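Q: give me the fold of what follows.
(chains A, B, C and D)
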2 protein chains.
Amino acid sequence: MVNKVWKALDDPTRRRILELLREGPLNAGELGARFNMTGASMSHHLNLLADAELVEREKRGQFVIYELNTTVFQGLMEWMLSLKDKTKGESDESNT
Amino acid sequence: MVNKVWKALDDPTRRRILELLREGPLNAGELGARFNMTGASMSHHLNLLADAELVEREKRGQFVIYELNTTVFQGLMEWMLSLKDKTKGESDESNT
DNA sequence: TTGATGCTTAGAATATTATCTAAATATCTA
DNA sequence: TAGATATTTAGATAATATTCTAAGCATCAA
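A: Down below sits the predicted model:
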């Protein structure tokens, strides 16, 4: 649901996480080290990002590796463009 | 600040308001009539949208007319694209 | 000028979210 | 197996956000 994506993106920590993953996959510990926050809190944020499918998680041994998934952005951008162009999108409510 | 834009967009009511304004400007009362919500609550949402510069407001007589402003989307879309393309954006933190 | 209409602001109640500590689970290593 | 490391889950607390009612301000129309 698109709702989850907007929710996930409405937080500076989570947006920063996505920016860090831009350079490549990182595990939960590596990500957590970049923030002034407990691992539990980080895990919470990572859960929201994974729920929104903005990241993929993969367990490798004792580590959990997170990787950016940008395919979800397509829907958001189309929605924004549909507001810009009167011709496109025709008030599609499936994205709200 | 981009923070306000993400915040403003993280709400189904506010996203629906923007969709309604897609067809053209509407006053606060016309917008409010489309939602099951008091005028005070609507006013709150319109304030957040105006703060984020996603809408322009103009007073005409006793009415306050709201109009969509999509220029703000540019920044969000660039940020998303910078996550998609490794080549672009180069971890610019001004958008977080 | 009085009353009605349109909209916003103030303040309170409720719901949601972010964060923490403590504890649990899973994996690795000696 | 025992202990150490990596991560998540549970439960509590504090901060934010949504919504309401009541009251306020501005404008219009009689």
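Q: show the residue spans covered by the helices in chain A.
A: For chain A, the helices defined by DSSP state H cover A:2-9, A:12-21, A:28-32, A:39-51, A:73-84.
Q: can you name the residue of chain A nearest to DNA strand D?
A: Going by CB to the nearest atom of the strand, DNA strand D is nearest to A:G29 of chain A, at 2.2 Å. In this view, the C-beta of every residue, glycine as well, is placed from N, C-alpha and C.
Q: which residues touch that residue?
A: Residues near A:G29 by CB atoms under 8 Å, 6 or more residues apart in numbering or on different chains: A:39, A:63.
Q: and if you look at A:E67?
A: A:E67 sits next to A:21, A:25, A:55-58 when contact means CB under 8 Å, 6+ apart.
Q: including distance to A:E67, pLDDT and neighbour count, could these go into JSON lines?
A: Formatted as JSON lines, these follow (distance: CB to CB, whole Å; pLDDT from 0 to 100; neighbours: other CB atoms under 10 Å in any protein chain shown):
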{"residue": "A:L21", "distance to A:E67": "6", "pLDDT": "98", "neighbour count": "21"}
{"residue": "A:P25", "distance to A:E67": "4", "pLDDT": "98", "neighbour count": "15"}
{"residue": "A:V55", "distance to A:E67": "6", "pLDDT": "98", "neighbour count": "24"}
{"residue": "A:E56", "distance to A:E67": "5", "pLDDT": "98", "neighbour count": "14"}
{"residue": "A:R57", "distance to A:E67": "8", "pLDDT": "98", "neighbour count": "15"}
{"residue": "A:E58", "distance to A:E67": "7", "pLDDT": "98", "neighbour count": "11"}
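Q: got those as a markdown table, with distance to DNA strand C columns?
A: Putting the contacts of A:E67 into a markdown table (distance: CB to the nearest atom of the strand, whole Å) gives the following:
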| residue | distance to DNA strand C |
| --- | --- |
| A:L21 | 17 |
| A:P25 | 17 |
| A:V55 | 15 |
| A:E56 | 18 |
| A:R57 | 14 |
| A:E58 | 12 |
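Q: among these, name the ones in strands.
A: Those of the contacts of A:E67 mapping onto strands are A:55-58, per DSSP state E.
Q: pLDDT at A:S91, what is it?
A: As predicted, A:S91 sits at a pLDDT of 46.
Q: typo on my end, it should be A:D85
A: At A:D85, the pLDDT value in this model is 83.
Q: okay, now it: neighbour count?
A: Neighbours of A:D85 under the rule other CB atoms under 10 Å in any protein chain shown: 11.
Q: list phi and psi for it.
A: Phi and psi for A:D85, reported as degrees, to the nearest 10, are phi -100, psi 120.
Q: who touches the residue nearest the centre of chain A in this structure?
A: Among the residues of chain A, the one closest to the centroid is A:L54, at 3.2 Å (CA atoms, centre = their mean). Listed by CB under 8 Å, 6+ apart, the contact set of A:L54 reads A:5, A:8-9, A:18, A:68-69, A:72.
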